[in-house]
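Engineer: With the sequence up front, the predicted model follows.
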Amino acid sequence: MKSAAALALSISIGAAPAFLASPACANDKSDIEALENHFAAAVEAKDLDGIMKGYAPGQAIFVFDVVPPRQYVGWDAYRKDWQGFISGFKGPIKFTISDLSVSTDGTIGYSHSIQHIVGTDTKGKPTDLTLRLTDVYRKMGGKWKIVQEHVSVPVDLVTGKPDFTSAP
């Protein structure tokens, strides 16, 4: 058994002692996959509340997106980014997630995927974007929430131009 000092040290540095760690639920991976599927459906429906449902509340979310500013900190800031994104489309949005890979360990999880967005902007110009995405999740109140997100596209270093239709 650990000493009280070792227990206090473990807790003070944020590491739960092994005997206090809760085992990962067998459904964690499928719960995160469901979160991502609901997210994709919300984007297609242009449902801002549905999109934001998967993100951690308050200041717990941190995002590097492909559009300025450099980072979004907090739920309200990222909600404004999403609001601007969906309002930039006239008509329907087709949104698909592929190559989703999910891992979890206790109350922390992460995933990476490819996200493809097709639609028409408000000026009638076709939009076709392929994005790389990494999410970090935390189990909060029994539900997985995205606490960190990193969205990127490859960049051609010779031309300095982003590759919005990247293929493997």
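Structural biologist: Noted; the coordinates are in hand.

Engineer: Just list the residues touching Ser87, thanks.
Structural biologist: Thr122 (CB atoms under 8 Å, 6 or more residues apart in numbering). Bear in mind the C-beta positions are built from the backbone N, C-alpha and C, glycine included.

Engineer: try Val118
Structural biologist: Ile93, Lys94, Phe95, Pro126, Thr127, Asp128, Leu129.

Engineer: Would you mind listing the buried residues in the strand or helix carrying it?
Structural biologist: Following DSSP states H and E, one finds Val118 within strand 108-120. Applying a neighbour-count criterion of 16 or more other CB atoms under 10 Å, one finds Gly109, Ser111, Ser113, Ile114, Gln115, Ile117, Gly119 buried in strand 108-120.

Engineer: C-terminal to it, what's the next element?
Structural biologist: Sequence-wise, the next helix or strand downstream of strand 108-120 (DSSP H and E) is strand 126-140.

Engineer: In its sheet, which strands sit next to that following strand, and in what direction?
Structural biologist: strand 108-120 (antiparallel), strand 143-152 (antiparallel) (DSSP bridges).

Engineer: List the buried residues in that strand.
Structural biologist: Those would be Leu129, Thr130, Leu131, Arg132, Leu133, Asp135, Val136, Tyr137, Arg138, Lys139, for strand 126-140 by 16+ other CB under 10 Å.

Engineer: As a markdown table, the strands paired with strand 126-140 with mean pLDDT and distance to Asn27 would be great.
Structural biologist: As requested, the strands paired with strand 126-140 are arranged in a markdown table below (pLDDT from 0 to 100; distance: least, CB to CB, whole Å):
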| stretch | mean pLDDT | distance to Asn27 |
| --- | --- | --- |
| strand 108-120 | 97 | 12 |
| strand 143-152 | 97 | 10 |
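
Engineer: Report the two members of the contacts of Val118 separated by the largest distance.
Structural biologist: Phe95 and Pro126 (14.9 Å; CB to CB).

Engineer: Since that was my last question, I'll sign off now.
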